[in-house]
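Student: predicted structure and sequence below. I'll ask about it afterward.
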Amino acid sequence: MNKITLGMILLIASSTAISGNDVWQTLFSEKLQEARQGNSKAQFDIGSMYQNGRGVSPDRNEAIEWYKKAAAQNNEMAVSRLQLLQANEERFKKELANAGNGSKESQYKVGVMYTEGIGTNIDLAKAAKAFEQSASQGYVKAEYKLGLVYYEGTGVKLDRNTAYKWFKMAADKGYAAAQYYLGKMYASGKGVKRDYSMSLKWYTKAVEGGFNQARSEMIDVSEKMKIQKTSGENKATTRKSADIIETEKTPSVAHSFGIEDLMVAAWSRDGEPVAYLPSAINNCRTESDKISCYSDDQTQQTADNIIKFKTKSIMRNFTSDGSFDVTYRNLVIDAKKVSDIEGSKVVNEIGNENTDSDSYTVKKGWGIEHTLECKMIENGKVSCLKNKTYSFMLDSPRIVAAGN
């Protein structure tokens with residue numbers, strides 16, 4: 001066991017869920033014997049285990065004592081660690097003093113340092129108190145951290161209602177991580193009533209704010225919304241079966257279309273999913289009287305050029321006969337150097353055109369806005385007129401397969 005290194009133990013503890021703590025405790029006991037016998041490497045390892053709480057309760061003071069013993073034997077790692085601990089201790093004292101004087105930034109930093117044991121012992125209760133002091137002054141990072149503290153119950157009693165309160169404050173200020181957790185709470189129904197539409201709203205905001213971890217959750221919630229919608233339609237069909245039979249005996253009436261009919265259809269054009277209507281390659285949410293969609297990454301090749309982009313679209317002005325308007329823009333994320341391509345419609349649509357010449361240059365950023373005038377018709381079809389110039393047809397394999 002003497003020859004087992006900390007690195008090997010890390011591998012063992014991470015790859016075996018069974019008795020991971022026992023492995024560390026056994027290593028600590030054996031290393032402690034070596035350290036007491038004057039082995040400077042073992043003394044450094046014991047200091048590290050005290051510092052990080054591996055095989056023993058974290059204790060910064062004990063860690064320093066063992067580092068000092070190793071440093072006295074010219075152990076360079078111990079000397080370096082002591083210098084770092086001393087610098088962090090000075091930093092902690094400075095931030096603590098500023099926090100005591102009311103600095104919301106320092107109060108937040110003190111909370112982080114108590115949480116991670118930087119310059120002081122880990123103390124989750126004191127961390128929560130410091131976060132609360134900062135959050136009470138409106139510091140958005142602290143509002144999020146305090147929400148997380150109550151959400152996970154670290155240093156305080158777990159309280160999802162209070163977690164929601166602080167997440168909401170930070171989310172309303174545009175803090176993406178807090179927006180993600182609101183989406184998570186609405187999806188699970190923990191701390192707030194389950195609401196997939198609200199969950200999708202907050203997940204979408206988180207993604208737009210750069211929190212890409214929310215993308216997979218957006219897809220999952222979108223699918224749950226579609227299943228929920230389909231289930232509700234099936235129940236309604238069963239309840240009204242007698243009315244349907246009676247309707248078959250009378251002249252047919254025009255179908256009344258709504259936002260949900262568009263939302264659950266998964267629209268495609270020429271067999272490929274479209275990015276500007278609800279489909280397999282985007283995530284959409286309903287907002288009162290409109291639908292907003294934000295697509296996955298798309299790639300378009302024009303000649304020898306490859307363009308990576310996303311699409312953001314808004315559908316609004318719905319009427320009972322199935323008419324609605326769409327506006328959409330493409331966000332170019334990456335584009336290789338574009339050769340002169342005369343009249344390239346694809347480049348013109350995706351990027352920002354140079355109207356002073358016959359060639360187009362694709363630039364990163366938002367492209368020009370496009371408009372569609374669309375109308376849902378029978379058998380899973382949508383007819384659209386783009387930019388008042390040319391028309392095309394979209395279809396929904398999902399609706400056709402369902403026989404609607």
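Tutor: All right, it came through fine.

Student: ranking helices and strands of this protein by mean pLDDT, which lands last?
Tutor: helix 345-350 (a mean of 42; mean pLDDT, DSSP states H and E).

Student: that one: what's the following helix or strand?
Tutor: For helix 345-350, the succeeding helix or strand toward the C-terminus, using DSSP states H and E, is strand 365-366.

Student: report the strands that pair with that next one, each with its relative direction.
Tutor: strand 323-335 (antiparallel) (DSSP bridges).

Student: for the record, mean pLDDT for the strand it pairs with?
Tutor: Strand 323-335 comes out with an average pLDDT of 87.

Student: could you export it as PDB, CA atoms only?
Tutor: Listed next in PDB are the C-alpha coordinates belonging to strand 323-335 (Å, rounded to 0.1, in the frame of the first residue of the first chain):
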ATOM      1  CA  SER A 323     -53.100  32.900 -41.500                       C
ATOM      2  CA  PHE A 324     -50.100  34.200 -39.600                       C
ATOM      3  CA  ASP A 325     -46.900  36.200 -40.200                       C
ATOM      4  CA  VAL A 326     -43.300  35.200 -39.600                       C
ATOM      5  CA  THR A 327     -40.200  37.300 -39.200                       C
ATOM      6  CA  TYR A 328     -36.800  35.700 -39.000                       C
ATOM      7  CA  ARG A 329     -33.100  36.600 -39.000                       C
ATOM      8  CA  ASN A 330     -29.900  34.400 -39.300                       C
ATOM      9  CA  LEU A 331     -27.000  34.800 -36.900                       C
ATOM     10  CA  VAL A 332     -23.700  33.900 -38.600                       C
ATOM     11  CA  ILE A 333     -21.500  32.200 -36.000                       C
ATOM     12  CA  ASP A 334     -18.600  31.300 -38.300                       C
ATOM     13  CA  ALA A 335     -17.800  31.800 -42.000                       C
END
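
Student: which parts of it are buried?
Tutor: 324, 326, 328-332, 335 (16 or more other Cβ atoms under 10 Å). Quick note: C-beta positions are derived from backbone N, CA and C, even for glycine.

Student: now stretch 68-87
Tutor: Buried, per 16+ other Cβ under 10 Å, within stretch 68-87: 69-71, 75, 77-79, 81-82, 85.

Student: let's have the residues you listed in a markdown table, adding pLDDT and distance to residue 122.
Tutor: Formatted as a markdown table, these follow (pLDDT from 0 to 100; distance: Cβ to Cβ, whole Å):
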| residue | pLDDT | distance to residue 122 |
| --- | --- | --- |
| 69 | 95 | 22 |
| 70 | 94 | 22 |
| 71 | 95 | 23 |
| 75 | 94 | 25 |
| 77 | 94 | 22 |
| 78 | 92 | 21 |
| 79 | 95 | 24 |
| 81 | 93 | 17 |
| 82 | 94 | 19 |
| 85 | 92 | 14 |
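
Student: could I get these as a markdown table with distance to residue 125 and secondary structure?
Tutor: Below are those laid out as a markdown table (distance: Cβ to Cβ, whole Å; DSSP: H, G, I helix; E, B strand; the rest coil):
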| residue | distance to residue 125 | secondary structure |
| --- | --- | --- |
| 69 | 31 | helix |
| 70 | 32 | helix |
| 71 | 32 | helix |
| 75 | 34 | coil |
| 77 | 32 | helix |
| 78 | 31 | helix |
| 79 | 33 | helix |
| 81 | 27 | helix |
| 82 | 28 | helix |
| 85 | 22 | helix |
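
Student: of these, closest to residue 158?
Tutor: Distance to residue 158 across the buried residues of stretch 68-87 (Cβ to Cβ) is lowest for residue 85, with 32.2 Å.

Student: quick one on the thing from earlier: quick one: which of the buried residues of strand 323-335 is nearest residue 280?
Tutor: Among these, and counting by Cβ to Cβ, the member closest to residue 280 is residue 328, at 16.8 Å.

Student: quick check: beta-bridge partners of the closest one?
Tutor: Going by DSSP bridges, residue 328 forms beta bridges with residue 313, residue 370.

Student: residues contacting it?
Tutor: Neighbouring residues of residue 328 by Cβ atoms under 8 Å, 6 or more residues apart in numbering: 275-276, 311-314, 369-370, 372.

Student: where does this protein have low pLDDT?
Tutor: Scanning the chain for pLDDT under 70 picks out 1-21, 228-258, 265, 302-305, 337-362, 379, 397-404.

Student: the domain parsing of it - what is it?
Tutor: In terms of domains, the chain is parsed into 6-74, 157-248, 259-402 (source: automatic domain parsing).

Student: so which of the ones you listed is nearest residue 121?
Tutor: Between these, domain 6-74 lies closest to residue 121; by Cβ to Cβ that is 4.7 Å.

Student: run the chain-centre distance for that closest one.
Tutor: Relative to its chain's centre, domain 6-74 lies at 36 Å (Cα atoms, centre = their mean, to the nearest Å).

Student: same check on stretch 106-114?
Tutor: 24 Å.

Student: over to stretch 273-286?
Tutor: Once both centres are worked out by Cα atoms, centre = their mean, stretch 273-286 turns out to sit 18 Å from its chain's centre.

Student: about what we covered before: okay, the buried residues of strand 323-335 in JSON lines with distance to residue 50 next?
Tutor: Shown next, in JSON lines, are these (distance: Cβ to Cβ, whole Å):
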{"residue": "324", "distance to residue 50": "65"}
{"residue": "326", "distance to residue 50": "62"}
{"residue": "328", "distance to residue 50": "58"}
{"residue": "329", "distance to residue 50": "56"}
{"residue": "330", "distance to residue 50": "55"}
{"residue": "331", "distance to residue 50": "50"}
{"residue": "332", "distance to residue 50": "52"}
{"residue": "335", "distance to residue 50": "53"}
